[in-house]
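Asks: Below are the sequence and a predicted model; questions follow.
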Amino acid sequence: MKRSPGPAVVLDSGRESLVSSSGGLLLRQTMRASGLDRALSVGLGPWRSDRAVHDPGKVLLDVATAVALGGDCLADVAVVRAQPEVFGPVASDPTVSRLIATLAADMDAAVAAIRAARALARGRVWSRRRPIPGEPGGQVILDLDATLVTAHSEKEHAAPTFKRGFGFHPILAFCDHGEAGSGETLAGLLRPGSAGANTAADHIAVLDQALAQLPQVERGGVVVRTDTGGGVKDFLHHITDLGLHYSVGFYGMPPIVEALGKVPAQAWRAAVDGDGEPRDGAQVAELTAYLPQTLTGWPKGMRVIARRERPHPGAQLRLTDENGWRITCFATNTKGPGWTLAALEVRHRQRARAEDRIRGLKDTGLRNLPFHGFAQNQIWLEIVALAADLLVWTQTLAWHDHPARRWEPKRLRFRLLTVAGRIIHTGRRRRLRLPRGWPWNHLIDTGWAALQPG
């Protein structure tokens, strides 16, 4: 018996007062709760002309909302414009384009104003609910990592990349929220595709931008985590001079290889996984005491720790691997009770969460840098950071004790943000009604209640 694929549906030419992004109401409420709308309006006030109808801060937030909902170019703000019942009046495409061009013409000042508004709003969010477990002033982990963004045309400063592609090589900074949550995009520096992975000046600039985004009380307990790109002398000296901790990947240079050959077998200790259980086939050892005197110029107090593990079947060994062991090293200045070698190694290995943050950003506008001009694309990177903030702050304030707190942008959009709703007018008020039977209605309801002024 042939089964029908589903009930027959015929498109009705009639229309109703519906919105296709009902969950965007939560993003709007997050703007109000964090004060981001007011902060951006004040910060971008100098770029508003006397005859302007639309506030520059509102225009930028409309674009960021479109990006948070899945857009990846300025034209996607049309989706927000088509739903004025939720998002209010939205500027036309030419007006939005002119604003981006105006901000790009004064890029340094405009970017500084946007970042200042984000920092002010972040302080309000953190004061309402700290996204990291622990008390204010406790450990805050900042992950710095670079990524490649492909350019499909001759854009300004686009260049060949080390992976034989063509485009840009931005470096980004994230605040790790741990296993309980996602992470915040604190800073981003757009660079040509030919930019080096271990350029100390770029790492220092992004770190300083990221620290400025944190509430003042949180800046003392920071741990800076990077891959081997951050394992350079000038950068580690900068971190040390700031009084911060670091955990950075370390190259397998000849002095490291020499030290590995001196480590006695009994010095290797069992490594552990994220749950604190022994990790089968993995061991850690400290190399600091075995480093040769030729390894000079590094900050005082630096420790070098090695990890060895049996590679998975089919993995290709490297020159620094020995006797079938896959060996990686990292440097840190952390000491004290409870920080065993195994605990330090787990903390460093959790740097891989930065890859999840980058994937989320590329799903939130970073996959495409839509402009030809480099300054315009730096403004676009700030818009992407704004969109990422809106998503993460909504999760932090609305669902702090629910698995939705860890959802990546794609799942958040499909289940909560892009659900259709119906606008009704009753009692001189407009109400948004969600579809009956939508499995995640309760999350939208609880999120809306949690985002109300306390």
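Replies: Thanks, I have it. Numbering: from 1, shown residues only.

Asks: how about the residue nearest the centre of the chain, secondary structure?
Replies: Centrality entry for the chain: nearest residue to the mean C-alpha point is residue 185, 3.3 Å, by Cα atoms, centre = their mean. Three-state assignment for residue 185 (DSSP: H, G, I helix; E, B strand; the rest coil): strand.

Asks: That one touches residue 387, doesn't it?
Replies: No - shown here, residue 185 and residue 387 do not form a contact pair, counting by Cβ atoms under 8 Å, at 9.1 Å. Where you see a C-beta, it was placed from the backbone N, CA and C, and this is true even at glycine.

Asks: Next, give phi and psi for the residue nearest to residue 347 when sequence neighbours are not counted.
Replies: The spatial neighbour of residue 347 that comes closest, neighbours along the chain excluded (Cβ to Cβ, 6 or more residues apart in numbering), is residue 247 at 6.1 Å. Dihedral angles of residue 247 (phi, psi; degrees, to the nearest 10) stand at phi -150, psi 100.

Asks: where do the strands sit along the stretch 101-250 of the chain?
Replies: Here the stretch 101-250 of the chain has its strands, by DSSP state E, counting those that start in this stretch, at 140-146, 149-150, 159-160, 166-168, 171-176, 183-189, 222-226, 245-250.

Asks: Can you name the residues that contact the nearest residue to residue 170 once chain neighbours are set aside?
Replies: Across the structure, with Cβ to Cβ, 6+ apart as the measure, the residue nearest residue 170 apart from its sequence neighbours is residue 190 (4.9 Å). For residue 190, the contacting residues are 168, 170, 369, 374, 377, 378, 381, taking Cβ atoms under 8 Å, 6 or more residues apart in numbering as the criterion.

Asks: and those residues, which of them are in helices?
Replies: Helix and strand membership here follows DSSP state H; of the contacts of residue 190, those in helices are 374, 377, 378, 381.

Asks: could you dump these to CSV with neighbour count, distance to residue 226 and pLDDT?
Replies: Written out in CSV, the entries for the ones in helices among the contacts of residue 190 read as follows (neighbours: other Cβ atoms under 10 Å; distance: Cβ to Cβ, whole Å; pLDDT from 0 to 100):
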residue, neighbour count, distance to residue 226, pLDDT
374, 18, 25, 97
377, 24, 24, 97
378, 22, 22, 97
381, 24, 19, 97
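
Asks: just how off-centre is the helix or strand residue 390 falls within within its chain?
Replies: Using DSSP states H and E, the secondary-structure element containing residue 390 is helix 374-398. Using Cα atoms, centre = their mean, to the nearest Å, we find the averaged C-alpha position of helix 374-398 to lie 9 Å away from the chain's own average C-alpha position.

Asks: Also stretch 438-445?
Replies: So, by Cα atoms, centre = their mean, the centroid of stretch 438-445 is 26 Å from its chain's centroid.

Asks: hang on, the earlier thing: please report how far the residue nearest to residue 170 lies from residue 369.
Replies: Separation of residue 190 from residue 369 (Cβ to Cβ, to the nearest Å) stands at 8 Å.

Asks: Also residue 272?
Replies: Distance, residue 272 to residue 369, using Cβ to Cβ: 41 Å.

Asks: Could I get the CA-only coordinates of stretch 199-211 as PDB?
Replies: Coordinates of each C-alpha in stretch 199-211 appear next as PDB, following Å, rounded to 0.1, in the frame of the first residue of the first chain:
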ATOM      1  CA  THR A 199      53.300  37.800  15.300                       C
ATOM      2  CA  ALA A 200      53.800  39.100  18.900                       C
ATOM      3  CA  ALA A 201      52.500  42.600  18.200                       C
ATOM      4  CA  ASP A 202      49.200  41.300  16.900                       C
ATOM      5  CA  HIS A 203      48.700  39.000  19.900                       C
ATOM      6  CA  ILE A 204      49.500  41.900  22.200                       C
ATOM      7  CA  ALA A 205      47.000  44.200  20.500                       C
ATOM      8  CA  VAL A 206      44.200  41.700  20.600                       C
ATOM      9  CA  LEU A 207      44.900  40.700  24.300                       C
ATOM     10  CA  ASP A 208      44.800  44.400  25.300                       C
ATOM     11  CA  GLN A 209      41.500  44.800  23.400                       C
ATOM     12  CA  ALA A 210      40.100  41.700  25.100                       C
ATOM     13  CA  LEU A 211      41.100  42.900  28.600                       C
END
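
Asks: returning to what we had before: any common contacting residues for residue 190 and residue 369?
Replies: Between them, residue 190 and residue 369 share the contacting residues 168, 377, 381, judged by Cβ under 8 Å, 6+ apart.

Asks: which residues does the first one bridge with?
Replies: Here residue 168 sits in beta bridges with residue 149, residue 192, as judged by DSSP bridges.

Asks: so how many other residues sit close to it?
Replies: As a burial measure, residue 168 scores 26 neighbours (other Cβ atoms under 10 Å).

Asks: My guess is it contacts residue 147. True?
Replies: No - taking contacts as Cβ under 8 Å, residue 168 lies outside contact range of residue 147: 9.1 Å.

Asks: Mutual contacts of those two, please.
Replies: When contacts are counted by Cβ under 8 Å, 6+ apart, residue 168 and residue 147 have no shared neighbour.

Asks: Of residue 272 and residue 369, which one has the most company?
Replies: For residue 272 versus residue 369, the count of surrounding residues by other Cβ under 10 Å is larger for residue 369: 25 against 18.

Asks: residues touching the more buried one, list them.
Replies: Under the criterion of Cβ under 8 Å, 6+ apart, the neighbours of residue 369 are 149, 151, 155, 167, 168, 190, 377, 380, 381.

Asks: Distance check, it against residue 378.
Replies: Spatial separation of residue 369 from residue 378 under the definition Cβ to Cβ is 9 Å.

Asks: ok, now which ones touch residue 263?
Replies: Taking Cβ under 8 Å, 6+ apart as the contact definition, residue 263 lies against 285, 287, 290, 306.
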